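K.L.:
Mind folding the following:
(chains A and B)
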Amino acid sequence: MPEQVFAIRPSVRDNGIMVIDDMLCMHCGACVGTCPTNAIFLNEVYLTFNEDCTQCGMCVKVCPVGAIDYPRGHKLHTMK
Amino acid sequence: MPSYEYDVVVVGAGPSGSMTARYAALGGCRTLLIEKRQEIGSPVRCGEGLARHFVEDTKLPFDQKWVGREVKGAKIFSPNGTELTIEEKHAGNEVGIVLERDAFDKAVAKEAAKAGAEIWLKTTATAILKDDGWVRGVRGKRLEDEFNIHAKCVVAADGYESQVGRWAGFKTLLRAGDITGTLQYRLTNIGPGHDFPDYCEFWLGTCAPAGYIWVFPKDEATANVGIGVSLDRLKSRMDIMGFLDRWIEKDPRMKKAQPLDMVTGGVSTAPPVKKSVGNGIAIVGDAARMIDPITGGGIGNGMVAGMFLGNVLSKCNETGDFSEAALMEYENAWRAKLEENLYRNWLAKNKLVTLSDQEFDDIIKVLAEVGVTKLSVRAILKVLKETRPELVAKFAEFI
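P.N.:
Next up is the predicted model:
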């Protein structure tokens, strides 16, 4: 019988605006300073997006570890 | 809601914020320095290169504790591997000491404390208090307590994120071409070659589009190996990491290297902000986009500006006038010292990013043959104009 895996990336949060992988995020703030609409908030170690986000994708590209992605269902979503 | 009163509240205990707090406190201001992290200087978000003269310029007591390694100079590599060596006495603004940044930031904060500033850790600024065109303080949160910190002047030293300044209405937004995403590994077990570990290395070309890869030695076998890539050259998630990993794979010295830590961050490569002061507020350091747009170095400039700001705040405190007009003395001082160089380097950067690998190869080859006695954009262009003017046609306006 093949091995079964139950927990798949429990670190990923999707609020429908953008997706954040908390285990990848380094909390460095590169996305916060980059965001043109100031829609990203970083409370020390917890990143959130609000509705000011325009899904421009600058944060997706600037994040050095790839911790940010478009939400599930978005055509540019790439996280597995 | 509880409330506290200070003359000056500084948001962010990096080198700029701590240096501002130090000089403000030395001048008699009741100064509070707040830092959102639980530890000053950690986690490190920096390549850790600093030119020696900034330490003397800001009268920071020298301490071997924050020196990782002292280097002899810099080496610049073109895409085909041509090597240009520049010895220390000519190596411009950013080379000299490779810091232990966590210890360094603590050392600057210690000086602030010694001067009389109070330091609160784990304290986040969550909002700014405004009244009638004036900034009157910040809303703060420490552990589970929320409170207002009223101050005659708020200093926004919150780094690349530059949130406090934005809340106050400063334009600190950046164009994609003026943003660099960075990733660095501290690698150990690095093999010999290219005189490692005596020089800070800069690798140019398409290995790091519109940016560069750096190797800053920390000890005999260890170095900060990092990359900066301009945001407008990035196409998708994880691109930055891909560029760095591919370069490390190709360098034979890195074959058996292993990582000790990983550092990420955003770096502005923009011209300095148009305005850095308002009624009851000033912005300093990375928050004011004082990073050198070519090297990406910001520690020295931030500390120098912090020293100016602390001194001006002390004067303001004597007269009780923290208006925009009074704080302009700070703006004039940092512009006189830094602006011309920042602006010129920003213009030069915008040209540099258009060079092809072939052009980098040609330029570095000429410079290596002729020899460079001074690492400044202007000096290099002058050498090139005399030897191979066609190589620097793009830069005619700077020569």
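K.L.:
What is the subsequent helix or strand relative to the helix or strand bottoming out on mean pLDDT in chain A?
P.N.:
Ranking every helix and strand in chain A by mean pLDDT, DSSP states H and E puts strand A:12-14 at the bottom, with a mean of 90. Under the assignment DSSP states H and E, the closest C-terminal helix or strand after strand A:12-14 is strand A:19-21.
K.L.:
so how far is that following strand off the chain centroid?
P.N.:
Averaged C-alpha coordinates place strand A:19-21 at 3 Å from its chain's average position (C-alpha atoms, centre = their mean, to the nearest Å).
K.L.:
What separation is there between the nearest residue to residue B:205 once chain neighbours are set aside and chain A?
P.N.:
Spatial nearest neighbour of residue B:205, excluding adjacent residues (C-beta to C-beta, 6 or more residues apart in numbering or on different chains): residue B:79 at 3.3 Å. C-beta here means a position set from N, CA and C on the backbone, and glycine is covered the same way. Separation of residue B:79 from chain A (C-beta to the nearest C-beta, to the nearest Å): 22 Å.
K.L.:
just to revisit the earlier point, so does the least confident helix or strand of chain A get close to chain B?
P.N.:
No. Strand A:12-14 stays clear of chain B (C-beta under 8 Å from any C-beta of the partner chain), getting no nearer than 13.1 Å.
K.L.:
Walk me through which strands that strand pairs with, and which way each runs.
P.N.:
strand A:19-21 (antiparallel) (DSSP bridges).
K.L.:
Help me confirm that the residue nearest to residue B:205 is found in a strand?
P.N.:
No. Residue B:79: not assigned to a strand; according to DSSP: H, G, I helix; E, B strand; the rest coil it is coil.
K.L.:
list the contacts for it?
P.N.:
B:204, B:205, B:206, B:207, B:357, B:360, B:361 (C-beta atoms under 8 Å, 6 or more residues apart in numbering or on different chains).
K.L.:
Can you tell me which of those residues end up in helices?
P.N.:
Mapping the contacts of residue B:79 onto helices (DSSP state H) picks out B:357, B:360, B:361.
K.L.:
pLDDT averaged over stretch B:370-385 - what is it?
P.N.:
The pLDDT scores in stretch B:370-385 average 75.
K.L.:
Kindly report the same for stretch B:195-210.
P.N.:
Per-residue pLDDT over stretch B:195-210 has a mean of 96.
K.L.:
and what of stretch B:161-178?
P.N.:
Rounded mean pLDDT across stretch B:161-178 is 96.
K.L.:
and what of stretch B:304-319?
P.N.:
Throughout stretch B:304-319, pLDDT has a mean value of 98.
K.L.:
for that stretch, which positions count as buried?
P.N.:
By 16 or more other C-beta atoms under 10 Å in any protein chain shown, the buried positions in stretch B:304-319 come out as B:304-314, B:316-317.
K.L.:
how far does it sit from the chain's center?
P.N.:
Using C-alpha atoms, centre = their mean, the offset of stretch B:304-319 from its chain centre is 21 Å.
K.L.:
Pick out whichever of the contacts of residue B:79 sits closest to residue A:56.
P.N.:
residue B:206 (25.4 Å; C-beta to C-beta).
K.L.:
any idea how far that closest one lies from residue B:365?
P.N.:
Per C-beta to C-beta, to the nearest Å, residue B:206 is found 17 Å from residue B:365.
K.L.:
which stretches of the stretch 1-150 of chain B have low pLDDT?
P.N.:
Within the stretch 1-150 of chain B, the stretches with pLDDT under 70 are B:90-95.
K.L.:
and if we set it to 80?
P.N.:
For the stretch 1-150 of chain B, applying pLDDT under 80 flags the ranges B:88-95.
K.L.:
Quick one: residues contacting residue B:78.
P.N.:
Each residue near residue B:78 by C-beta under 8 Å, 6+ apart is listed here: B:84, B:204, B:205, B:357, B:360, B:361, B:363, B:364, B:365.
K.L.:
What of residue B:319?
P.N.:
Contacts of residue B:319 (C-beta under 8 Å, 6+ apart): residue B:326.
K.L.:
quick revisit: out of the buried residues of stretch B:304-319, who's nearest residue B:274?
P.N.:
Proximity of the buried residues of stretch B:304-319 to residue B:274 was ranked by C-beta to C-beta; the top entry is residue B:305 with 15.4 Å.
K.L.:
need the contact list for residue B:107.
P.N.:
By C-beta under 8 Å, 6+ apart, the contact set of residue B:107 is B:60, B:61, B:63, B:65, B:66.
K.L.:
I'd assumed it was in a helix, is it?
P.N.:
Yes. Assigned with three-state DSSP, residue B:107 falls within a helix.
K.L.:
residues from chain B in reach of chain A?
P.N.:
Residues of chain B lying close to chain A by C-beta under 8 Å from any C-beta are B:36-37, B:43, B:45, B:124, B:159-163, B:166, B:172-174, B:176, B:179, B:181-183, B:231, B:234-241, B:262-266, B:268.
K.L.:
neighbour-wise, which of residue B:206 and residue B:365 wins?
P.N.:
With neighbours defined as other C-beta atoms under 10 Å in any protein chain shown, residue B:206 and residue B:365 compare such that residue B:365 has more, 16 against 12.
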